[in-house]
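1. got a structure for you, letters missing:
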């Protein structure tokens, strides 16, 4: 019988059969509705599971899971090393992994205003591979491309700038559903807007996913182990997500109550992680259950165009993280030091999270030093709003706001009768709350209901 070994952070969901009824796993779908991702090995169906991260799995000739056991356990084993030694080791490992993954390929590099892609720009500037970098900005939003263009110029990369237009999702909705199989909501993968442009490029994607989790404090400073459940609940349950999940739970007449079920599931998973340090334990939880089931799902969009490489996903990087003292990982210290040491000019470019400050000045991003920028930025947004040009900050605003978007949204939510899976009164309630009560709070429920409606249609047409 074949054995399938999954990576510490898998890039793909690998499905298997289990001995269970072939019926909807409505409890799992409720968690999906609340958080935007399926938890642990859950899928839409009770008899279909995803292979766990960092596991060896024996599958029989009929595709059923016989046995699953971990081959790697997240741990916290900090070594007695200096920060300088940790930086040297990270530099050598990160550069080695990137070089091995890319070999002599042409490289496609997404550039944001953050640190993860900037670390990749550092190492790629030292390599001889041809690089084409790109950034995208929301139409009417912050020009993320402005920072990306500056990074590319310093490194000598070719650069493309993309603008994500309003309503790009609707003509691509069925294609996206096929690509990610409706295991992620549809408003986040903005790369769908430029997928055809990606296909015109040549090379291999180098993606910086998960660097911000591995190389930062896992839990807030001073957090205790008993605080982790509340921290996770606050982090993973989206605005309006709990309300939607409870509504579905009640409509489907499931036993117990949803919030208790979710808390029990998360507590059980936390108890399996044998790490005492709260920050390291929370990072392990995210890497085991969040990265594979949310972050990894939409990697498939990039793969529609070209192969992907992910230096921060590498097993060796995860093993390295488990031995680095938390104080060196907190507040992005290692990444910041790496960029400053290897390419000071890149460190001088604005850090989007702390704009208008850079990696040398970001500690000034507090009152009163940041007041002039904050006031000026607020005035710009107000002027745009008065001119009828709202400042776009979130993906869903491009998909759900405006008359044309509303028509498409209603068409997908109400044009097909998805009862008894989800009733029209429930759909109408959350749609009306989005329109009349609080668009920000109800944007996530609306996005999840759209995802579930498209999934329901696709399974009926299969």
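-> Alright, I've got the coordinates. Because the structure is predicted, anything quoted here is derived from the model rather than measured.
2. only C-alpha atoms for contact and neighbour calcs from this point on.
-> Will do.
3. secondary structure element for residue 16?
-> Using DSSP states H and E, residue 16 falls within strand 15-17.
4. right, I mislabeled it, should have said residue 32
-> helix 26-35.
5. Now that helix: average pLDDT?
-> Averaged over helix 26-35, pLDDT sits at 98.
6. which secondary structure elements does it contact?
-> Judged by 3 or more C-alpha pairs under 8 Å, 6 or more residues apart in numbering; DSSP states H and E, the packing partners of helix 26-35 are helix 241-251, helix 258-271, helix 439-461.
7. Show me the contact partners of the helix or strand following that helix.
-> Counting by DSSP H and E, the next helix or strand C-terminal to helix 26-35 is strand 48-50. With C-alpha atoms under 8 Å, 6 or more residues apart in numbering as the test, strand 48-50 has contacts from 13, 14, 15, 16, 17, 18, 40, 41, 42, 43.
8. tell me the contacts of the residue nearest the centre of the chain?
-> Centroid-nearest residue in the chain: residue 295, 3.6 Å away (criterion: C-alpha atoms, centre = their mean). Under the criterion of C-alpha under 8 Å, 6+ apart, the contact list for residue 295 reads 209, 210.
9. Let's see that with 7 Å instead.
-> With contacts defined as C-alpha atoms under 7 Å, 6 or more residues apart in numbering, residue 295 has no neighbours.
10. Now do it, the pLDDT please.
-> 94.
11. The one 4 residues further on now?
-> With respect to pLDDT, residue 299 has a value of 95.
12. where's it relative to residue 309, distance?
-> From residue 299 across to residue 309, the span is 10 Å (C-alpha to C-alpha, to the nearest Å).
13. Residue 431 now?
-> 39 Å.
14. got it, and residue 269?
-> Distance from residue 269 to residue 309, by C-alpha to C-alpha: 29 Å.
15. follow-up on the earlier one: ok, and what's touching the strand holding residue 16?
-> Contacts of strand 15-17 (C-alpha under 7 Å, 6+ apart): 47, 48, 49, 50, 51, 63, 64, 65.
16. same question, stretch 243-257
-> 30, 31, 33, 34, 258, 445.
17. wait, what's in contact with the second one?
-> Just to be clear, that refers to residue 31. Taking C-alpha under 7 Å, 6+ apart, one finds 38, 245 in contact with residue 31.
18. so residue 49 bridges to which residues?
-> residue 16 (DSSP bridges).
19. And the contacts of strand 48-50, which of them are buried?
-> Neighbour counting with 16 or more other C-alpha atoms under 10 Å marks 13, 15, 16, 17, 40, 41, 42, 43 as buried within the contacts of strand 48-50.
20. do you know how far the last one is from residue 13?
-> When C-alpha to C-alpha is applied, the distance between residue 43 and residue 13 equals 10 Å.
21. can you map out the helices along the stretch 251-400 of the chain?
-> 258-271, 278-285, 299-303, 315-321, 326-329, 333-342, 344-347, 371-386, 395-400 (DSSP state H, counting those that start in this stretch).
22. Looking at those, spot the one closest to residue 108.
-> Nearest of the helices of the stretch 251-400 of the chain to residue 108, taken as C-alpha to C-alpha: helix 299-303 at 10.5 Å.
23. From the chain's centroid, how far away is the closest one?
-> Mean-position distance between helix 299-303 and its chain equals 13 Å (C-alpha atoms, centre = their mean, to the nearest Å).
24. on contacts alone, who are the packing partners of it?
-> helix 173-180 (3 or more C-alpha pairs under 7 Å, 6 or more residues apart in numbering; DSSP states H and E).
25. outside of the helix it packs on, which residues touch it?
-> 297, 298, 300, 301.
26. out of those residues, who's nearest residue 168?
-> residue 301 (14.7 Å).
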